[in-house]
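Novice: below is the structure, and that's it, no one-letter string:
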C-alpha cells in the first residue's frame, strides 16, 4: 500500500505570496492532519480534516487554511507569506477503522520564504 | 492545555548500549494515548511505539520498550542493543483529541560506532 504523499517536496516563495501544499493520504484513510515543524517552535498542530470537515484547529492565524476533498486528499493554503512561515509542513493520515489514533506521516514539504 | 516535556535535548551512546529517553506530560484527562516518534535525517516521521493510558502494561516493540508511570505522568523510552540506524530525533507525543498530537521538543540521539 502506498504511503502518504506530499507535493511539492520543496518550495521557495517570497514574502506576501500565497502557497498551496497538497497531501494524499494512504488509501482508505479519511482523516488528514497537518503540522508545522520549525527549529524554534518545534512541531505544532495546524488542523485536522475528516470526511471534508475540519474537526480540530490549532492556534494559527487565519492566513493558514485547509480543505479536504471527497477522495480524502487535502490541501493547505498559506496566504500573505511571512518569513516566519518557513518550515517543514508535515501531513499525516489515519484510519479509525484500522489503527485508531495512529497517524502515518508523509515526507513533508519544505517551504522557504525569502 | 496539554504539554509534553523532553528534558534531554541531546544524548549520545555507543552501539549496542542501552539508552533511555525521558518524557513527562501534563494533562487533566484520564483517557489518552502516548507515542514515541523517530525522525531520522531524511525527516520522515516514523512511529516507534504507542501506549494507551488505560493499559497498565508497558508497551514493547522489539528493542524498544516504554516505562509508563501514569500517576507521575512519565513516559520514558528504552532502546536496547542500540544500532547505528537508531540515530535520529525522537519525539514524545500526546493525543486525547482525535488526531491532534502534542509533541515534545525532541531528543537528538546519536549512536556512535
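Specialist: Nice, I can see it. Note that the structure is predicted; figures quoted are calculated from it, not measured.
Novice: contact partners for residue 30?
Specialist: Just so you know, I chose chain A. A:50-51, A:72, A:95-96 (Cβ atoms under 8 Å, 6 or more residues apart in numbering or on different chains). Placement of C-beta: from N, CA and C, glycine included.
Novice: wait, I meant chain B there
Specialist: Residue B:30 is in contact with residue B:53, counting by Cβ under 8 Å, 6+ apart.
Novice: need the residues of chain B near chain A, please.
Specialist: Within chain B, the residues that sit near chain A (Cβ under 8 Å from any Cβ of the partner chain) are B:33, B:37, B:42-47, B:50, B:91, B:95, B:97-106.
Novice: ok so, going back, out of the contacts of residue A:30, who's near chain B?
Specialist: Near chain B, by the rule Cβ under 8 Å from any Cβ, you find residue A:50 out of those.
Novice: and the contacts of residue A:30, which is closest to residue A:19?
Specialist: residue A:72 (21.3 Å; Cβ to Cβ).
Novice: that closest one and residue B:107: what is the separation?
Specialist: Per Cβ to Cβ, to the nearest Å, residue A:72 is found 33 Å from residue B:107.
Novice: point me to the residue sitting closest to the centre of chain B.
Specialist: By Cα atoms, centre = their mean, chain B has its centre lying nearest to residue B:36, at 3.3 Å.
Novice: that one touches residue B:65, doesn't it?
Specialist: No. The pair residue B:36 / residue B:65 is not scored as a contact, 10.3 Å apart, by Cβ atoms under 8 Å.
Novice: any residues in contact with both of those two?
Specialist: With Cβ under 8 Å, 6+ apart, residue B:36 and residue B:65 have common neighbours B:49, B:77.
Novice: burial check on residue B:96, number of neighbours?
Specialist: 16 (other Cβ atoms under 10 Å in any protein chain shown).
Novice: spit out the contact partners of it.
Specialist: Contacts for residue B:96 (Cβ under 8 Å, 6+ apart) come out as B:2, B:27, B:29, B:31-33.
Novice: using JSON lines, lay out those together with secondary structure.
Specialist: Shown next, in JSON lines, are these (DSSP: H, G, I helix; E, B strand; the rest coil):
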{"residue": "B:2", "secondary structure": "coil"}
{"residue": "B:27", "secondary structure": "coil"}
{"residue": "B:29", "secondary structure": "coil"}
{"residue": "B:31", "secondary structure": "coil"}
{"residue": "B:32", "secondary structure": "coil"}
{"residue": "B:33", "secondary structure": "strand"}
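Novice: quick check on residue 83: phi, psi?
Specialist: Just going to use chain A. Dihedral angles phi and psi of residue A:83 (degrees, to the nearest 10) take the values phi -60, psi -40.
Novice: let's do chain B instead
Specialist: phi -120, psi 160.
Novice: just checking, it touches residue B:109?
Specialist: No. In this structure residue B:83 lies outside contact range of residue B:109 using Cβ under 8 Å: 11.3 Å.
Novice: of these two, which one has the most company?
Specialist: Between residue B:83 and residue B:109, residue B:109 has the larger neighbour count (other Cβ under 10 Å), namely 21 against 11.
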